[in-house]
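Colleague: the sequence and its predicted three-dimensional model are supplied below.
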Amino acid sequence: METKVKNYLFLILVHVLLGVVIFLAPLLAKVYGILIFVVSIYFIIKTRNANNEVLYAAAYVVGSEVFLRMTNGNPNHEFSKYSVIIFMIMGMIYSGFSKNAVPYWIFLILLAPGIIIATQSLGYEVANIRKTILFNISGPITLGIASLYCYMRKITIFELNNILLLMALPILSCSIYLILYTPDLKEVITSTVSNSETSGGFGPNQVSTALGLGMFIFFTRVFIASKNKIFFVVNLLIAINLGYRGLITFSRGGMITGAIMIFVFMLIAYSRSNKIIRTQLVQLVAIFLVVFSLIWVYAESETSGLIGKRYANKDSFGRDKESKFTGREALAAGEIEIFLDNPFFGAGAGKGTEIRTEQMGYLVASHDELTRMLAEHGSLGILGLAILMLTPLFLYLDNKQHLYMFCFVGFWFFTINHAAMRTAAPSFVYALSVLKIRFNDEEEITVRRK
């Protein structure tokens with residue numbers, strides 16, 4: 001067996017065992033979380049970021065975030081975001097950043113008024129004000145700083161695939177943990193609401209988001225990083241496992257986002273391939289459609305048909321639910337009202353949560369980063385969002401070798417619509433969209449020949 005195959009299988013096996021070990025000894029999750037940060041800092045300093053080690057470190061910490069939160073392994077709730085910020089700043093110190101990254105400087109500056117207003121308008125104690133502001137602003141700041149580092153930084157498609165692999169490996173560990181944690185489905189799935197029992201006792205929305213991202217990464221590896229049968233089978237089985245685990249969380253956002261990313265990637269891969277590769281792509285897509293149809297049928301059987309009702313927005317009795325988005329549209333409408341009351345500079349970072357708490361009598365955080373930006377940052381929030389949406393598209397005109405660009409921007413956009421920026425994943429994945437991708441002479445999109 002060649003060295004590359006052995007190394008790859010070793011990485012997979014290590015992360016499978018990691019999921020088992022942390023399930024059996026949960027306290028080791030904290031050791032794992034601390035080791036991720038310490039080892040990352042060591043390698044960044046040792047190498048002086050000679051080969052963009054900060055991207056590899058950030059990718060791994062982002063991929064492990066939900067797993068660590070699920071197992072109480074995070075030293076701090078925002079550990080992953082702070083780690084990404086620290087890694088990116090270290091990267092810029094060692095390797096600099098593009099002087100043309102002006103859009104992201106502007107984006108960060110546009111956040112400042114909302115922070116200043118919040119310090120004056122929030123009715124909490126000083127400590128709670130700081131915590132509330134950080135909770136609402138840490139995601140956008142992570143995105144801005146990561147994008148500053150990544151802006152038109154040149155890497156090869158091979159390096160980008162390795163970065164994505166490092167992000168996906170701890171998600172694999174998470175899925176193994178879920179297999180061991182989840183009881184008999186017929187005992188715990190009795191309705192069509194998101195299920196924490198199948199999500200490791202954690203928030204199904206965040207778990208589904210991570211699993212959907214992991215499914216996408218391993219799915220794409222089947223196409224562009226499976227040059228022999230072993231790679232093909234391993235990547236396919238992992239993608240299937242992540243897809244199934246994501247389905248039975250009963251949280252739709254992450255899985256729908258992952259499916260959209262796969263669809264977009266396939267379109268781009270097809271448009272960039274020659275006739276032979278296109279034929280193979282069509283054949284493989286047909287195989288995957290059959291395989292994932294079987295997964296769906298199996299999930300339907302295991303959940304007594306409830307998974308189908310969930311995605312059809314019906315309750316367990318087959319009746320249409322009043323809300324298509326589990327009440328999130330009401331939250332979004334409320335945030336739009338706050339924007340209309342504060343159209344210029346917004347109500348201030350975190351003020352939307354305070355207003356909702358006063359109106360509803362209990363704490364409800366925003367699920368939609370788009371409407372939150374409008375409510376809390378006003379017209380400056382609209383300008384900031386426009387910068388984030390348009391900049392990658394503009395860069396793509398001279399960066400068409402970035403096969404993942406639309407997938408990454410899509411992941412950011414759809415994720416912040418249902419899960420805001422509660423995890424570091426949308427911020428970091430977005431930043432990867434502004435990398436400058438180049439192919440080596442020996443690198444090209446290849447699909448395993450049958």
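Modeller: Arrived safely, thanks for sending.
Colleague: list the buried residues for the lowest-mean-pLDDT helix or strand in the chain?
Modeller: Lowest by mean pLDDT, DSSP states H and E among the helices and strands of the chain is helix 351-360, with a mean of 73. Residues 351-356 are the ones in helix 351-360 that count as buried (16 or more other C-beta atoms under 10 Å). All C-beta spots, glycine's among them, are computed from the backbone N, C-alpha and C.
Colleague: which of the residues you listed sits closest to R438?
Modeller: G352 (42.1 Å; C-beta to C-beta).
Colleague: now the element after the least confident helix or strand of the chain, going C-ward?
Modeller: Note on helix 351-360: by DSSP states H and E, the next helix or strand toward the C-terminus is helix 369-396.
Colleague: kindly calculate the angle that the next helix-or-strand element following that next one makes with helix 369-396.
Modeller: From helix 369-396 onward toward the C-terminus, using DSSP H and E, the following helix or strand is helix 405-418. Counting by axes from the mean of the first three to the mean of the last three C-alpha atoms, to 10 degrees, helix 405-418 lies at 170 degrees to helix 369-396.
Colleague: and G254, what does it touch?
Modeller: By C-beta atoms under 8 Å, 6 or more residues apart in numbering, the contact list for G254 reads 205, 207-213, 246, 415, 419.
Colleague: number of residues surrounding M389?
Modeller: For M389, the neighbour count with other C-beta atoms under 10 Å is 12.
Colleague: and V297, by the same measure?
Modeller: V297, neighbours per other C-beta under 10 Å, totals 11.
Colleague: and the pLDDT at it?
Modeller: In this model, V297 is scored at 92, pLDDT.
Colleague: chain neighbours aside, what residue packs nearest to N399?
Modeller: Nearest residue to N399, sequence neighbours excluded (C-beta to C-beta, 6 or more residues apart in numbering): K436, at 5.8 Å.
Colleague: so what's that neighbour up against?
Modeller: 152-155, 399, 402.
Colleague: sketch out the low-pLDDT regions of the stretch 251-400 of the chain for me.
Modeller: Applying pLDDT under 70 to the stretch 251-400 of the chain flags residues 322-328, 360-366.
Colleague: 80 instead, please
Modeller: Scanning the stretch 251-400 of the chain for pLDDT under 80 picks out 284, 288, 316-318, 321-332, 350-367.
Colleague: picking that back up, now the buried residues of helix 351-360 as TSV including distance to F263?
Modeller: Listed next are those as TSV, based on distance: C-beta to C-beta, whole Å:
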residue	distance to F263
K351	38
G352	33
T353	34
E354	39
I355	38
R356	35
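Colleague: so which of those residues comes closest to E78?
Modeller: Checking these one by one against E78 (C-beta to C-beta), the nearest turns out to be T353, at 15.8 Å.
Colleague: the closest one contacts I133, doesn't it?
Modeller: No - checked against C-beta atoms under 8 Å, the pair T353 and I133 is beyond contact range at 10.7 Å.
Colleague: with adjacent residues omitted, what lies nearest to F23?
Modeller: Using C-beta to C-beta, 6+ apart and skipping residues adjacent in sequence, the residue nearest F23 is L180, 4.5 Å away.
Colleague: got phi/psi on the one you found?
Modeller: Here is the backbone geometry of L180 (degrees, to the nearest 10): phi -80, psi -30.
Colleague: can you check F219 too?
Modeller: Dihedral angles (degrees, to the nearest 10) for F219: phi -60, psi -50.
Colleague: from A425, how far off is it?
Modeller: Between F219 and A425 the computed distance is 17 Å (C-beta to C-beta, to the nearest Å).
Colleague: have a look at these two and say which one is more surrounded.
Modeller: A425 (29 against 24).
Colleague: now do the same contact list for the closest residue to the more buried one other than its chain neighbours.
Modeller: Excluding its sequence neighbours, the residue lying closest to A425 (C-beta to C-beta, 6+ apart) is V62, at 5.4 Å. Each residue near V62 by C-beta under 8 Å, 6+ apart is listed here: 80, 84, 167, 423-425, 428-429.
Colleague: what's the answer for F414, then?
Modeller: 253, 256-257, 260.
Colleague: generate a PyMOL selection restricted to the buried entries among the residues you listed.
Modeller: To isolate the buried subset of the contacts of F414 in PyMOL, counting by 16+ other C-beta under 10 Å, use the following:
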select buried, resi 253+256+257+260
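Colleague: now the two most distant members of the contacts of F414.
Modeller: G253 and I260 (10.8 Å).
Colleague: what's the pLDDT at the spatially most central residue of the chain?
Modeller: Nearest to the geometric centre of the chain sits A425, at 3.6 Å (C-alpha atoms, centre = their mean). pLDDT, A425: 96.
Colleague: so it is in contact with R69, correct?
Modeller: No - taking C-beta under 8 Å as the definition, A425 is not a contact partner of R69, at 11.8 Å.
Colleague: which element is the residue nearest to A425 on?
Modeller: helix 53-70.
Colleague: run through who's touching the helix or strand just after that helix.
Modeller: Note on helix 53-70: by DSSP H and E, the next helix or strand toward the C-terminus is helix 79-95. Around helix 79-95, the neighbours that count as contacts under C-beta under 8 Å, 6+ apart are 33, 36-37, 40-41, 44-45, 48-49, 52-55, 57-58, 61-62, 64-65, 68, 74, 76, 138-139, 141-142, 145-146, 148-149, 423-424, 427-428.
Colleague: of those, grab the buried ones for PyMOL.
Modeller: Entered in PyMOL, the line below selects the buried ones among the contacts of helix 79-95, by 16+ other C-beta under 10 Å:
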select buried, resi 33+36+37+40+44+49+52+53+54+55+57+58+61+62+64+65+68+74+138+139+141+142+145+146+148+149+423+424+427+428
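Colleague: SS state for F263?
Modeller: Recorded secondary structure, F263: helix (DSSP: H, G, I helix; E, B strand; the rest coil).
Colleague: how much space between it and I133?
Modeller: Distance from F263 to I133, by C-beta to C-beta: 37 Å.
Colleague: out of the two, which sits in the more crowded spot?
Modeller: Here F263 and I133 are compared on neighbour count by other C-beta under 10 Å; more neighbours surround I133, at 21 against 13.
Colleague: the more buried one against G350, yeah?
Modeller: Yes - at 5.3 Å, I133 and G350 qualify as touching, with contact defined as C-beta under 8 Å.
Colleague: sorry, back to before: quick check, nearest of the buried residues of helix 351-360 to Y311?
Modeller: If you rank the buried residues of helix 351-360 by distance to Y311 using C-beta to C-beta, R356 comes first, at 28.1 Å.
Colleague: that closest one against A330, yeah?
Modeller: No - counting by C-beta under 8 Å, A330 is not a contact partner of R356; they are 9.9 Å apart.
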